[in-house]
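**Q** next one to model:
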Amino acid sequence: MKDILVTQPFVMKNKRVLLPTNVRGYHWCGAVFDFESSITMILDPLQQPKQIEECKNTIKVLLPEKIEKIIVKHEECMKQTYVVICGPLVLPLFECAARGITLPTAMSKNLLWYFRLRFCGI
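**A** Sure thing, here's the model as predicted:
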């Protein structure tokens, strides 16, 4: 939290802010704050309402002043099919959101494992 306050990512010159969010210590989701559209997208590889709600609550605790002003939108995207790929799966979703391209609905098993090895080293 200290890093967020020091770097001030929510200044007007930024178009988007990407926030990885850990839910209950074992699942990764992501939030994309888009200032042009005033929408925050919640990216959850499991696509479960309970996880999405917990992600929203985490953001509300960390950044209460930002979530009040922004409409939260759940984004349908690739669904996590393997237990250990939620973190690496959030990263390409962030990249798509940052580039403004459509989120993929599927990815090959080999590509998913490549992301896991590349970003996590495991």
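
**Q** secondary structure class for Pro92?
**A** Taken by DSSP: H, G, I helix; E, B strand; the rest coil, the conformation at Pro92 corresponds to helix.

**Q** next: Pro88.
**A** In the three-state summary, Pro88 is assigned as helix, counting by three-state DSSP.

**Q** so how many other residues sit close to it?
**A** Using other C-beta atoms under 10 Å, Pro88 has 21 neighbouring residues. Every C-beta, even on glycine, is put in place using the N, C-alpha and C of the backbone.

**Q** need the per-residue pLDDT for it.
**A** According to the model's per-residue confidence, Pro88 sits at a pLDDT of 74.

**Q** how far away is it from Pro64?
**A** 29 Å (C-beta to C-beta, to the nearest Å).

**Q** got phi/psi on the residue positioned nearest the centre of the chain?
**A** Per C-alpha atoms, centre = their mean, the C-alpha nearest to the average position across the chain is that of Gly30, at 1.3 Å. Dihedral pair for Gly30: phi -140, psi 150, per degrees, to the nearest 10.

**Q** try Pro20
**A** Backbone dihedrals for Pro20, given as degrees, to the nearest 10, come out at phi -70, psi 140.

**Q** quick one: contacts for the closest residue to it other than its chain neighbours?
**A** By the measure of C-beta to C-beta, 6 or more residues apart in numbering, the closest residue to Pro20 outside its immediate chain neighbours is Gly30, 5.4 Å from it. Shown in contact with Gly30 (C-beta atoms under 8 Å, 6 or more residues apart in numbering): 18-21, 42-44, 90, 93-94, 97.
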